Every structure is written in structure tokens, then in C-alpha cells.
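*Asks:* Predicted model and sequence below, questions to follow.
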Amino acid sequence: SKEETILPVNNVLNILQEKTRDARIFGLGKANLKTNLATHFKIYDPNYYDPLHSKRYSELVYYANTAALPAVLPRSDVEINAEATPSAEITSRRNRLFDLLNVQFLLYKKEEFNYMHNNLINTIWENDNWILFRRNQSPPRVYLVNNYEVITGDNLILKRLFDPAFNPGKSVVLEKNPTVIQSSLNRDGEISLVKYKENEVLINTINKASSLLVLSDNYFPGWNVYIDGIKDSIYRANYSFRAVFIPPGKHLIRFSYEPISFMAGLAVSTFCFLIYFCSLFLFLIYRRKKY
């Protein structure tokens, strides 16, 4: 097949890359981005990649779709409900999921777009067929809060997260008691995302008091956090994401993916290479002496 038939130039995809950058975007109805497409074009769509997905994140998505935890998770197809006009109940849970995930942009085909709510949105781009708008109520990818709730039990956590009274922009749900006293926290401060890559995230913070920083990326084994180069603790927050306590002052926060499996594999491979080269060296010496 010709290259242009496999990866054709598409104006909408180009617009998404240009306008959304490192923010998450979700397509609804006929505008839904199909599996793997967003990954290839480096568009931050919050759906899974093929059948590979974090169990915890899959449960969060499943709950948003159905208001219940599944007895058995499907192996694949863990997808956010993408109906253009779902019921009010599903819409409410989906909007809360978008808030938790920092979905800042939504894409619609105009034939499915409800202009009744046009006064509530900020249109970023449109043409005769498509409209892309920003969700103004969505927290940013990384943000500060000064309030946390400690809740144990998966159903209780999810029920609280999807409670209309819960404000994900000001509070976070943790699963274990932190060492920081809540009354000492303050969410007023400056925060900037310096670098966002697959295996590393760099964040600058300036705050007068201690704060709780929330990153709406999945909590997963192998991720470490460093504050000014010193390793600190990551708390699992809002069921599937990450939080870290930041002391007062100016700091550089670095999240780095350093899985033990990779380091163990690297050590084993290095050891095997050393054995091989030592064996080869001894063999060559022996052969030289022999002949």
C-alpha cells in the first residue's frame, strides 16, 4: 500500500496536535478517536492503548460508565462512554471523570453538537463539520490542593469521587494517612509544567506554605518522585492517580519511571555480557598460547 493510504494527511488530527499540545482531549460521538490512533499521533486521548491497561484505571473508567465495579474486567475495550447524547446520569459521571482526568478539550461533529450549551464553552477551532472546544471547569494536568480525605475501600472511594458535592479541583482522596497535617496546607502557589515525556515529568513550584500536588497520571509501580533531587513518597490519589506533598519554597519536582524490572534486567544483561567477554578474552589468550 502507498504510504498516503496508511497515514493520510488529516486536517483535524493536525489541528488537535497544534491546539491541544500536552492537554488531554476526547472525541464524542462520530468524533471519537479510535484505539491506537491518538497514540500514534501523540494526541493525549484518555482511552487505553490496545488491550494493555492498568487495572486500577480500568475500574475507574468502568465505574464512570456503569456506576458499579465489574466482577471481572474485560481484557480489552475499556473505553470511556463516547455517546454524543447520553443520559443525564451518564453525562454527569462522564463529566466528573473528565475533571479527574484533566480532559480540557472535547471534539464533536457539528451535526451532533448541542448549541444550547454553547454559552458554557470556549470554542478553540471549528469548520463546517467539526468543533473543538475547551472545558473551562477542568483542573490542569498538575495542580495544588489544600484538602484531602482519607478513604479506604474501592467502592467508598469511587462513590465519593463521583459525588456531586466533591470538588476535585480543591480536594483529593487518599488511601492512607499522610504524615502532613491538613491544617498546614495551602493551595495558593505558582506551578508550571516544565517537561512532559513518557518516562519523566518535571514541575516547578513556588509556594509560601506546604501544598499537596496532584498529577492526573496513573499511579503505577516503577514511578518515583524527587523533590530537588531527594526521593519522596508518592500517594495514590483519586483512585488511580498520583499526589505528593510539597514543602514551602521554590522546588523542582521530578517524576521518573524507574521500574525495578528494568534495572534487574539491565544488571543481569550487564553481568552476562561481562561473563561472555571475559570468556572470549580467556579463549583468545589460550588459543594464542596454543598455536
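*Replies:* Yep, that arrived.
*Asks:* What segments of the stretch 101-250 of the chain are helices?
*Replies:* According to DSSP state H, counting those that start in this stretch, the stretch 101-250 of the chain carries its helices in the segments 154-161.
*Asks:* Pull the number of nearby residues for the nearest residue to Gln104 once chain neighbours are set aside.
*Replies:* The shortest distance from Gln104 to any non-neighbouring residue, by C-beta to C-beta, 6 or more residues apart in numbering, is to Ala23 (4.2 Å). To be clear about C-beta, it is placed using only N, CA and C from the backbone, and glycine gets the same treatment. Number of residues near Ala23 (other C-beta atoms under 10 Å) recorded here: 17.
*Asks:* low-scoring stretches of the stretch 101-250 of the chain, by residue?
*Replies:* Counting by pLDDT under 70, the stretch 101-250 of the chain shows low-confidence ranges at 115-121.
*Asks:* try 90 this time
*Replies:* 113-123, 135-140, 179-189, 198, 208-209 (pLDDT under 90).
*Asks:* where exactly do the strands run in it?
*Replies:* Secondary structure of the stretch 101-250 of the chain, counting by DSSP state E, counting those that start in this stretch: strands at 103-109, 122-126, 130-134, 142-145, 147-150, 171-174, 189-196, 200-207, 211-215, 223-227, 230-232, 235-237, 241-246, 249-257.
*Asks:* and the spatially closest residue to Tyr48 that is not a sequence neighbour, what does it touch?
*Replies:* Spatially, and ignoring its direct neighbours in sequence, Tyr48 is nearest to Val78 (5.1 Å; C-beta to C-beta, 6+ apart). For Val78, the contact set (C-beta atoms under 8 Å, 6 or more residues apart in numbering) comprises Asn47, Tyr48, His53, Tyr57, Ser58, Val61, Tyr62.
*Asks:* Tell me the one of these nearest Lys109?
*Replies:* Ranked by distance to Lys109 (C-beta to C-beta), these are led by Asn47 at 17.9 Å.
*Asks:* I figured that closest one hits Thr35, correct?
*Replies:* Yes. Asn47 lies in contact with Thr35 (C-beta atoms under 8 Å); the separation is 6.8 Å.
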